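Undergrad: what follows is a predicted structure for the sequence shown.
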Amino acid sequence: MCKNKPDQTHGTCVHVEVNVTKIVKYVCITGIAIVGIIFGCSAWAEVQKGNIGSSAE
């Protein structure tokens, strides 16, 4: 374990910082991108079939 002592001459000191805000931000952006891709692919498939607007009749 690392202690903030300047006279420490042996061992290893590792400082790990976990930024939860960045993790949550990137998880949300990734989720939005995945939903957008899925929606875009299904909309594009409907455009290719020519079914856009036929459900409104």
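TA: Here it is on my side, so go on.
Undergrad: how near is the most centrally placed residue in the chain to residue 12?
TA: Residue closest to the average C-alpha location in the chain (CA atoms, centre = their mean): residue 27, at 2.8 Å. Using CB to CB, to the nearest Å, residue 27 is found at 31 Å from residue 12. Any C-beta I mention is one placed from the backbone N, CA and C, and that applies to glycine too.
Undergrad: just to revisit the earlier point, what sits against the residue nearest to the centre of the chain?
TA: Applying CB atoms under 8 Å, 6 or more residues apart in numbering, we find residue 27 in contact with no residue.
Undergrad: and it, what element?
TA: helix 20-49 (DSSP states H and E).
Undergrad: for the record, mean pLDDT for that helix?
TA: On average, the pLDDT along helix 20-49 is 95.
Undergrad: buried residues in that helix, which are they?
TA: Within helix 20-49, no residue counts as buried by 16 or more other CB atoms under 10 Å.
Undergrad: what distance separates that helix from the centre of its chain?
TA: Here helix 20-49 is found 10 Å from its chain centre; the criterion is CA atoms, centre = their mean, to the nearest Å.
Undergrad: ok, back up a step: any idea how far residue 37 is from the residue nearest to the centre of the chain?
TA: Residue 27 is 16 Å from residue 37, by CB to CB.
Undergrad: check residue 16 too.
TA: Remark: distance between residue 16 and residue 37 (CB to CB) = 33 Å.
Undergrad: cool, residue 15 as well?
TA: Using CB to CB, one gets 37 Å for the distance from residue 15 to residue 37.
Undergrad: same question, residue 23
TA: For residue 23, the distance to residue 37 (CB to CB) stands at 21 Å.
Undergrad: pLDDT at residue 9, what is it?
TA: The model's pLDDT for residue 9 equals 64.
Undergrad: adjust the sequence numbering to begin at 39 for everything that follows.
TA: Sure thing, new numbering starts at 39, so read that last one as residue 47.
Undergrad: pull the number of nearby residues for residue 53.
TA: Neighbourhood size, residue 53 [other CB atoms under 10 Å]: 5.
Undergrad: quick check, pLDDT for it.
TA: 89.
Undergrad: what about it, distance to residue 81?
TA: 47 Å.
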